[in-house]
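*Asks:* Got a sequence here, can you model it:
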Amino acid sequence: QVQLMESGGGLVQAGGSLRLSCTASVRTSSNFATGWFRQAPGEEREFVAGIRYFGGSTHYADSVKGRFIISRDNAKNTVYLQMDSLRPEDTAVYYCAARRDGSFVPTRSRGYDYWGQGTQVTVSS
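*Replies:* Here you go, the predicted structure:
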């Protein structure tokens, strides 16, 4: 069983930055595709960014393109989400998710096998 642990959330002013981390419990997770999702109160969970294991290609939601960057450090079993130019509408609980098939990055939550517990990101105006 793979366990994912997010960290790095917090409170930041609009225009500021945060870096989220997602660390997996087992080495084999380095073969996984990993995605970040977020869920605001009363809203559905939505895809934010994802990274394939094979080739390391990345995918972003239109709302975060040019502001967020996803990256991975396989030696540390960790995936990062660098978030810059944050806006109040980015406020949500951010979740890390992993998929055993590392060749594909789904944009729907049902495409992932493992989930973290979430970390709160709050952007004040």
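*Asks:* So which residue is dead centre in this protein?
*Replies:* Residue closest to the average C-alpha location in the chain (Cα atoms, centre = their mean): residue 36, at 2.3 Å.
*Asks:* measure that one to residue 56 for me?
*Replies:* Taken as Cβ to Cβ, to the nearest Å, the spacing of residue 36 relative to residue 56 amounts to 15 Å. For every residue, glycine as well, the C-beta is placed using N, CA and C.
*Asks:* doesn't residue 107 fall inside a strand?
*Replies:* No. The secondary structure assignment for residue 107 gives coil rather than a strand, going by DSSP: H, G, I helix; E, B strand; the rest coil.
*Asks:* list the contacts for it?
*Replies:* 35, 47, 50, 59, 61 (Cβ atoms under 8 Å, 6 or more residues apart in numbering).
*Asks:* With respect to residue 16, which of those residues is nearest?
*Replies:* Of all those, residue 61 has the smallest distance to residue 16: 19.6 Å, by Cβ to Cβ.
*Asks:* tally of neighbours for residue 95?
*Replies:* 23 (other Cβ atoms under 10 Å).
*Asks:* Quickly list what the nearest residue to residue 49 once chain neighbours are set aside is bridged to.
*Replies:* Spatial nearest neighbour of residue 49, excluding adjacent residues (Cβ to Cβ, 6 or more residues apart in numbering): residue 70 at 4.2 Å. Following DSSP bridges, residue 70 is listed with bridge partners residue 81.
*Asks:* Okay, and which of the contacts of residue 107 map to strands?
*Replies:* Cross-referencing the contacts of residue 107 against strands under DSSP state E gives 35, 47, 50, 59.
*Asks:* can you put the residues you listed in JSON lines and add neighbour count and pLDDT?
*Replies:* Shown next, in JSON lines, are the ones in strands among the contacts of residue 107 (neighbours: other Cβ atoms under 10 Å; pLDDT from 0 to 100):
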{"residue": "35", "neighbour count": "28", "pLDDT": "96"}
{"residue": "47", "neighbour count": "21", "pLDDT": "98"}
{"residue": "50", "neighbour count": "25", "pLDDT": "97"}
{"residue": "59", "neighbour count": "17", "pLDDT": "96"}
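*Asks:* Tabulate these (JSON lines), appending distance to residue 16.
*Replies:* Formatted as JSON lines, the entries for the ones in strands among the contacts of residue 107 read as follows, by distance: Cβ to Cβ, whole Å:
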{"residue": "35", "distance to residue 16": "23"}
{"residue": "47", "distance to residue 16": "23"}
{"residue": "50", "distance to residue 16": "24"}
{"residue": "59", "distance to residue 16": "24"}
